[in-house]
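1. Prediction below, plus the sequence it came from.
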Amino acid sequence: MLFHVYILYSPTKGRYYIGHTGDDLNERLRRHNSNHKGFTGKTGDWTMIYNEPYSSKHLAYQREREIKAWKSRKRIEALINSEHSDS
C-alpha cells in the first residue's frame, strides 16, 4: 500500500491545503469537496495539484509536517512547480 502527501488548491479561498492519506487520492479529493465542517468542506472547488508517494504512513506524515512547518507560500509553490509535480 502506498501513502501520499498531497497539496490541494482552492481558487475560491486562494489557499493551499496539505495532507496525507493511504486512501485512493481521487476518493480523498472527493471527500474534501463534500460538504462537511472541516477547513475544506465549504468551498467544494479543491483540486489536487501535487502529490508525493511514500512506502509508509509514518514517512508520509513526517513529510506532511515538514511542509506545513515551512509556513511559506513561496516555498510551497516552488515545491508544486518542481519536477516532482503531478500537475
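-> Structure's in. What do you need?
2. Could you use CA atoms for every contact and neighbour count after this?
-> Will do.
3. And the lengthiest helix in the chain, what does it pack against?
-> Once the chain is assigned using DSSP state H, the helix that runs over the most residues is helix 57-70. With contacts taken as 3 or more CA pairs under 8 Å, 6 or more residues apart in numbering; DSSP states H and E, helix 57-70 sits against strand 3-10, strand 15-21.
4. what's stretch 13-21 in contact with?
-> 3-10, 28, 40, 43, 57, 60-61, 64, 67-68 (CA atoms under 8 Å, 6 or more residues apart in numbering).
5. ok, of these, which come out buried?
-> By neighbour count, with 16 or more other CA atoms under 10 Å, these hold 3-10, 28, 40, 43, 57, 60-61, 64, 67 as buried.
6. Which two of those residues have the greatest separation?
-> Using CA to CA, the pair of the buried ones among the contacts of stretch 13-21 lying farthest apart is Thr43 and Lys57, separated by 27.7 Å.
7. from memory Ile76 sits against Ile67, does it?
-> Yes - counting by CA atoms under 8 Å, Ile76 does reach Ile67; the two are 7.3 Å apart.
8. Go through stretch 54-73 and flag the buried ones.
-> For stretch 54-73, the neighbour count (16+ other CA under 10 Å) marks 54, 57, 59-61, 63-64, 67 as buried.
9. could I get that stretch in PDB with only the CA atoms?
-> C-alpha atoms of stretch 54-73 as PDB (Å, rounded to 0.1, in the frame of the first residue of the first chain):
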ATOM      1  CA  TYR A  54       5.600   7.100   0.300                       C
ATOM      2  CA  SER A  55       6.000   3.500   1.400                       C
ATOM      3  CA  SER A  56       4.800   4.100   5.000                       C
ATOM      4  CA  LYS A  57       2.300   6.200   6.800                       C
ATOM      5  CA  HIS A  58       5.000   7.400   9.100                       C
ATOM      6  CA  LEU A  59       7.100   8.800   6.300                       C
ATOM      7  CA  ALA A  60       4.100  10.400   4.700                       C
ATOM      8  CA  TYR A  61       3.100  12.000   8.000                       C
ATOM      9  CA  GLN A  62       6.700  13.300   8.600                       C
ATOM     10  CA  ARG A  63       6.700  14.900   5.100                       C
ATOM     11  CA  GLU A  64       3.300  16.500   5.700                       C
ATOM     12  CA  ARG A  65       4.600  18.000   9.000                       C
ATOM     13  CA  GLU A  66       7.800  19.200   7.300                       C
ATOM     14  CA  ILE A  67       5.900  21.000   4.500                       C
ATOM     15  CA  LYS A  68       3.400  22.600   7.000                       C
ATOM     16  CA  ALA A  69       6.300  23.800   9.200                       C
ATOM     17  CA  TRP A  70       7.600  25.800   6.300                       C
ATOM     18  CA  LYS A  71       4.700  28.300   6.700                       C
ATOM     19  CA  SER A  72       5.800  29.800   3.400                       C
ATOM     20  CA  ARG A  73       3.500  30.100   0.400                       C
END
